[in-house]
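K.L.:
Any chance you could fold what I've pasted below:
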Amino acid sequence: MKAKSFAKDFPVVCVGGSAGGLDAYTRLLTHLPADMGVAIVIVNHLRSVATHLHEILPRYTQMPVELITEKLLIEPNHVFIIPEQRDLHVLDGEFRLKPISKPRGWPDVITVFLRSLTQNWDGKLIAVIVSGYDGDGAAALCGIREVGGITIAQKLDTAGQPDMPESAIATGCIDFVLSPENIAQQIVRIAARVPGEGNANSPEGK
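P.N.:
Alright, predicted model coming up:
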């Protein structure tokens with residue numbers, strides 16, 4: 001019995017943020033059902049401050065919330081949290097952790113993870129950029145769309161710190177600009193459509 005053997009083609013939702021991100025994460029998770037069949041990966045743009053999201057966020061979702069460890073299996077209907085001081089990658093259906101590649105200045109952990117997903121994940125990709133400083137994640141958004149993924153930025157007037165979603169929107173590669181509650185609704189709609197559609201060429205960026 002292969003209880004821990006999962007298909008590696010279910011959707012992965014990367015939610016990238018930093019300052020003000022906690023508010024966005026909680027509002028998003030509160031409106032997501034626990035049985036959508038997608039994995040939620042929260043990539044918080046922190047370099048050296050220890051994360052406590054895996055202790056805080058279980059109050060807002062019925063999905064298990066796990067701090068990512070090396071070779072942790074990516075599972076649907078789970079919320080995964082990046083640890084501090086690490087770059088996050090995907091390989092063979094598992095998370096891989098590496099020392100942070102940009103130890104000074106603003107980290108680019110969201111960009112690093114999104115690029116790894118485009119290269120190593122077969123399922124639908126949904127990239128969500130929420131409140132935060134700087135522009136982490138923006139450089140990878142066009143690549144997400146090129147592989148048939150969906151890109152979403154938090155509506156600026158709902159973000160505590162609009163720099164990060166503003167940088168995402170400026171790329172011209174964002175499909176939707178929404179509040180956290182409406183981001184959740186859009187993820188539900190995308191997840192519901194996945195079984196019957198191909199990964200590319202779907203007219204969803206309207």
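K.L.:
Which positions in the single longest helix found in the chain come out as buried?
P.N.:
When the chain is parsed with DSSP state H, its longest helix is helix 180-193. Going by neighbour count (16 or more other C-beta atoms under 10 Å), the buried part of helix 180-193 is 180, 182, 183, 184, 186, 187, 190, 191. Every C-beta, even on glycine, is put in place using the N, C-alpha and C of the backbone.
K.L.:
wait, isn't the last one in contact with residue 32?
P.N.:
It stands for residue 191. No. At 9.3 Å, residue 191 does not count as touching residue 32 under the criterion of C-beta atoms under 8 Å.
K.L.:
who's in contact with the longest helix of the chain?
P.N.:
Residues outside helix 180-193 that contact it (C-beta atoms under 8 Å, 6 or more residues apart in numbering): 11, 13, 23-24, 27-33, 36-38, 124, 126, 128, 130, 150, 152, 154-155, 158, 176, 178, 202, 204.
K.L.:
hang on, residue 90 is in a strand, isn't it?
P.N.:
Yes. Under DSSP: H, G, I helix; E, B strand; the rest coil, residue 90 falls within a strand.
K.L.:
does residue 89 really touch residue 111, like I thought?
P.N.:
No. With contact defined as C-beta under 8 Å, residue 89 does not reach residue 111; the gap is 12.0 Å.
K.L.:
Look at these two and report which has more neighbours.
P.N.:
Neighbour count, other C-beta atoms under 10 Å: between residue 89 and residue 111, residue 111 has more, with 22 against 17.
K.L.:
If you count neighbours, what's buried in the helix or strand hosting the more buried one?
P.N.:
Element membership for residue 111, per DSSP states H and E: helix 109-120. Using 16+ other C-beta under 10 Å as the test for burial, helix 109-120 gives 109, 110, 111, 112, 113, 114, 115, 116, 117, 118.
K.L.:
Just list what it packs against, helices and strands only.
P.N.:
Other helices and strands packing on helix 109-120, by 3 or more C-beta pairs under 8 Å, 6 or more residues apart in numbering; DSSP states H and E, are strand 12-17, strand 39-44, strand 86-91, strand 125-129, helix 141-146.
K.L.:
which secondary element of this protein has the worst mean pLDDT?
P.N.:
Counting by mean pLDDT, DSSP states H and E, the weakest-scoring helix or strand in the chain turns out to be helix 53-56, with a mean of 90.
K.L.:
Report the next helix or strand after that one in sequence order.
P.N.:
Counting by DSSP H and E, the next helix or strand C-terminal to helix 53-56 is strand 65-67.
K.L.:
mind listing what whichever helix or strand comes after that following strand pairs with, with the direction of each?
P.N.:
Per DSSP H and E, strand 65-67 leads on to strand 78-81 as the next helix or strand towards the C-terminus. Strand 78-81 pairs in its sheet with strand 39-44 (parallel), strand 65-67 (parallel), by DSSP bridges.
K.L.:
Just put those strands in TSV and tack on mean pLDDT and mean neighbour count.
P.N.:
TSV is the format used below for the strands paired with strand 78-81 (pLDDT from 0 to 100; neighbours: other C-beta atoms under 10 Å):
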stretch	mean pLDDT	mean neighbour count
strand 39-44	96	26
strand 65-67	96	17
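K.L.:
Give me the most central residue, the chain.
P.N.:
Taking C-alpha atoms, centre = their mean as the criterion, residue 14 is the residue nearest the geometric centre of the chain, at 1.0 Å.
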